[in-house]
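K.L.:
Below: sequence and its predicted model.
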Number of protein chains: 2
Amino acid sequence: MQAGKTENTTENAAERAYRELRQAVLEGRLPKDRKITETGLAESLGISRTPIREAVKRLLLEGLLERRKGQGIRCALPDAAEIQEVFELRLRLESFAASRAAIRATQDQIDALTQSAETMSRLARTDPANDAVITRIDRENARFHALILEATQSQRLAQLVKFSTDISLVSRTFRRFTAEQRRRSAAHHVEIAAAIAARSPRWAENMMQAHILSAADIFEIPLDGQATARRGEQD
Amino acid sequence: MQAGKTENTTENAAERAYRELRQAVLEGRLPKDRKITETGLAESLGISRTPIREAVKRLLLEGLLERRKGQGIRCALPDAAEIQEVFELRLRLESFAASRAAIRATQDQIDALTQSAETMSRLARTDPANDAVITRIDRENARFHALILEATQSQRLAQLVKFSTDISLVSRTFRRFTAEQRRRSAAHHVEIAAAIAARSPRWAENMMQAHILSAADIFEIPLDGQATARRGEQD
DNA sequence: TTCAGATTTTTTGTATACATAAAATTGATA
DNA sequence: TATCAATTTTATGTATACAAAAAATCTGAA
């Protein structure tokens, strides 16, 4: 779940089912023509219904799947309104995470954050950025945010953020960023790391907010309250 | 879950198990001497292990239970640090909920909120407040907060808040409030309802923050981040 | 006594069979 | 043809049996 947690050497059938199903949902490769059923999933993964049920239940709770009474299961990828909602949540939760990280991070975690931000900066300055570089940026970005969560020292918060974030990140990649936007985003990481290193929760919180707001702008996700005013001008 | 949602006429064995187990955990009446086991729970509730497993899995995810490898299940009520953490979460999530409610609430929901706040005010002015009155205050309080969640029109947000809140509310009751604190808390409700009626997300958000911060103060829960900086100024 | 290894018991994971409830289908009638 | 009821089919909920892994217990030797 978190970055480097190695707790389970043996992966359950249920866990595997959860992981693979989740992956399938997020990547949108769930059959939309025929209806999905527990039995069907069990057969396609070669295990019994019991672990499948566990995985499905969990994904239902996370809101990634939905079930309609006696009908099958459907993948419930969020519409525009929900994506907006999730971004608003991220705005609150991840900035809180940054703030908490500024208080709780260990020196090792601060070092890791700083290093990740530097790596990302270097990658963002690579010009022209080819596909492989972007992929590395995406990965480093995910790593940075995971490190923040780890530094909060809060299992609960980490899990909540993960819930929200994974959904909002569906098919959002740095490929859609201009070179300047990539550099700006990397600069955010650097500054967030600096704020945490400086043990300034409010600085960290604010930078994280800016970071997420700028991403929302790039993906053209209007956030209400603060964003409505802005969007009126440019749309 | 939410206030008046009547979706399931028939309650599953699994749902019942979940509800009862959760209740038991939150009220701290889970045997601490002997270890808790799935089989044991199944027997004590008179159902098979299958629905029990579902309920337990869910509570494990919520962090209300914990399991240690081949050993039993233990109830994982939060320590002081975790309670603080949860209050910080509430601060963010419920104020966000209030803000969103100010944008999305239907007129009916606004009316219900206003009425709930008035009821609570009336109860808070009842002097001397006996035990029955306090119980009614507690209930009206829970109702108000549930109404806010409903008014957000967001299943996801409602669920996240519920996760956090239920835990933070363990054994916290208005019994610990002075008469003046009760009146102040009721006044908060009135003002939050007013802010929502006025369609002012920021007013609603701020009042909700004040509401929660004041509760944290009464329960002597120190909040860091925001609190440290602020506390410096005003204390 | 104490420790290591083997055995038993307990606990959790998985498969499967059956029960129940909801949806689709069929067929009869207007 | 349209509609309604009965039947079949399908999907999900629950119980139970068995498997595997881990903990507890027991045994024997140093």
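P.N.:
Everything's here; your move. Remember, predicted model here, so these are calculated numbers, not experimental data. Residues are numbered from 1 along each chain as shown, chains lettered A, B, ... in the order given.
K.L.:
need the residues of chain A near DNA strand D, please.
P.N.:
A:10, A:35, A:37-40, A:49-50, A:53, A:67, A:70-73 (C-beta under 7 Å from any atom of the strand). To be clear about C-beta, it is placed using only N, CA and C from the backbone, and glycine gets the same treatment.
K.L.:
Distance to A:Met207 and secondary structure added to the residues you listed, as TSV?
P.N.:
Below are the residues of chain A next to DNA strand D laid out as TSV (distance: C-beta to C-beta, whole Å; DSSP: H, G, I helix; E, B strand; the rest coil):
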residue	distance to A:Met207	secondary structure
A:Thr10	40	coil
A:Lys35	45	coil
A:Thr37	46	coil
A:Glu38	45	helix
A:Thr39	49	helix
A:Gly40	46	helix
A:Arg49	47	helix
A:Thr50	46	helix
A:Arg53	43	helix
A:Arg67	40	strand
A:Gly70	49	coil
A:Gln71	46	coil
A:Gly72	44	coil
A:Ile73	40	strand
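K.L.:
Can I get the buried part of the residues you listed as one PyMOL selection?
P.N.:
Only the buried entries of these go into this PyMOL selection, using 16 or more other C-beta atoms under 10 Å in any protein chain shown:
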select buried, chain A and resi 38+40+53+67+73
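K.L.:
Please say whether there is contact between stretch A:35-52 and DNA strand C.
P.N.:
Yes - contact of stretch A:35-52 with DNA strand C (C-beta under 7 Å from any atom of the strand) involves A:47-51.
K.L.:
which of the residues in the longest helix seen in chain A are buried?
P.N.:
Counting by DSSP state H, the longest helix found in chain A is helix A:80-104. By 16+ other C-beta under 10 Å, the buried positions in helix A:80-104 come out as A:82-104.
K.L.:
which of the residues you listed come close to chain B?
P.N.:
By C-beta under 8 Å from any C-beta of the partner chain, the members of the buried residues of helix A:80-104 lying near chain B are A:82, A:85-86, A:88-89, A:92-93, A:96, A:99-100, A:103.
K.L.:
Now render the residues you listed as TSV, adding pLDDT and distance to A:Thr135.
P.N.:
Output for those, formatted as TSV (pLDDT from 0 to 100; distance: C-beta to C-beta, whole Å):
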residue	pLDDT	distance to A:Thr135
A:Glu82	89	27
A:Glu85	91	28
A:Val86	91	24
A:Glu88	93	28
A:Leu89	93	27
A:Arg92	95	29
A:Leu93	96	26
A:Phe96	97	29
A:Ser99	96	30
A:Arg100	96	30
A:Ile103	96	33
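K.L.:
tell me which of these is nearest to B:Leu59?
P.N.:
A:Leu93 (22.0 Å; C-beta to C-beta).
K.L.:
Now for the closest one: which residues touch it?
P.N.:
Contact analysis of A:Leu93 by C-beta atoms under 8 Å, 6 or more residues apart in numbering or on different chains lists A:157, A:160-161, A:164, B:92-93.
K.L.:
Just name the closest of these to DNA strand C, please.
P.N.:
Using C-beta to the nearest atom of the strand, A:Leu160 comes nearest to DNA strand C of the contacts of A:Leu93, at 23.0 Å.
K.L.:
count of residues packed around the closest one?
P.N.:
By the measure other C-beta atoms under 10 Å in any protein chain shown, the count of residues near A:Leu160 is 21.
K.L.:
Dihedrals phi and psi, it?
P.N.:
Main-chain dihedrals, A:Leu160, degrees, to the nearest 10: phi -60, psi -50.
K.L.:
do you know how far it is from B:Arg92?
P.N.:
10 Å (C-beta to C-beta, to the nearest Å).
K.L.:
again with A:Arg176
P.N.:
Counting by C-beta to C-beta, the gap from A:Arg176 to B:Arg92 is 28 Å.
K.L.:
what's the answer for A:Phe177, then?
P.N.:
28 Å.
K.L.:
Now do the contacts for the residue of chain A most remote from its centre.
P.N.:
In chain A, A:Gly70 marks the outermost C-alpha relative to the chain mean, sitting 32.1 Å out by C-alpha atoms, centre = their mean. With contacts defined as C-beta under 8 Å, 6+ apart, A:Gly70 is in contact with no residue.
K.L.:
same deal with A:Leu41?
P.N.:
A:17, A:21, A:52, A:56.
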